[in-house]
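S.K.: Curious how this folds, go ahead:
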Amino acid sequence: MENLRFIRETMERAGAFTAVPGWGGILMGISALVTAAVVGPPRDSARWLTLWLVDGVIAATIAYLTMVRKARRLGSPLLTAPTRRFALAFLPPLVAGGALTGVFVQNGLMARLPGCWLLLYGAGVVTGGALSVRIVPLMGLCLMALGVAAFAAPVEWGNWFMAAGFGVLQIGFGIVIARNYGG
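M.R.: Have a look, this model is predicted:
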């Protein structure tokens, strides 16, 4: 019995996080496109920041609910070693993004948040995705590239970068994940 437990735990530790939700990515992308259309170009305004933060909460909720749904449909538990490793790799760049959001806001750099958010969300997707299916880190690299481009571009273009990364990329990669990796 001890050997079986060891084998099971070893296999679980070696497994990949497969509950990345393709359909959830599509819904998250649609949410971002709606937000981008409503808020317009980045401004140093509480409204602009609040609407994007609300969209971030909506996207996180969609991601969580669709991950749970996918895991249940595939008959695999969500709270496993691969899930914990994914979360431990994915969350630090998001925490850094949260801290930097405060710094950018305090220093009048709110219009530069699109680059920050895309770069750090992309970093989280790359690091977490290294423990997932192959396409996920590629999506993260694309998000990071958009973040770098957003920093190099005029601030007025920030909304277009947000729509491209959090909207179009999420939808495109969501379709690929849904078709090729079980929804």
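
S.K.: Next, the buried residues of the longest helix along the chain.
M.R.: Longest helix in the chain, counting residues (DSSP state H): helix 46-74. Residues 48-49, 51-52, 55-56, 58-59, 62-63, 66-67, 69-71 are the ones in helix 46-74 that count as buried (16 or more other CB atoms under 10 Å). Yep, even glycine has a C-beta here, placed from its N, CA and C like the rest.

S.K.: which two in the residues you listed are spaced the farthest apart?
M.R.: For the buried residues of helix 46-74, the maximum inter-member distance is 35.0 Å, found between 48 and 71 (CB to CB).

S.K.: Give me the residue ranges of the protein where confidence is low.
M.R.: Along the chain, the parts satisfying pLDDT under 70 run over 1, 3-19.

S.K.: Tell me where it has helices.
M.R.: 2-14, 22-39, 46-74, 81-106, 113-129, 135-152, 158-162, 170-180.

S.K.: mind checking how far the longest one is from the chain centre?
M.R.: Put plainly, it is helix 46-74. 9 Å (CA atoms, centre = their mean, to the nearest Å).

S.K.: Give me the packing partners of it, helices and strands only.
M.R.: Helices and strands touching helix 46-74, by 3 or more CB pairs under 8 Å, 6 or more residues apart in numbering; DSSP states H and E, are helix 22-39, helix 113-129.

S.K.: next one: the fifth one
M.R.: Here helix 113-129 is seen to pack against helix 46-74, helix 81-106, helix 135-152, helix 158-162 when contacts are counted using 3+ CB pairs under 8 Å, 6+ apart.

S.K.: want to throw those helices into CSV with distance to residue 171?
M.R.: CSV is the format used below for those (distance: least, CB to CB, whole Å):
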stretch, distance to residue 171
helix 46-74, 12
helix 81-106, 20
helix 135-152, 11
helix 158-162, 14
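
S.K.: Quick one: closest of the ones you listed to residue 178.
M.R.: helix 46-74 (9.6 Å).

S.K.: quick one: the closest one to helix 81-106, angle?
M.R.: 180 degrees (axes from the mean of the first three to the mean of the last three CA atoms, to 10 degrees).

S.K.: The longest helix of the chain vs helix 22-39, what angle?
M.R.: Compare the direction of helix 46-74 with that of helix 22-39 by the same axes, to 10 degrees and you get 170 degrees.

S.K.: what angle separates helix 46-74 from helix 170-180?
M.R.: 0 degrees.
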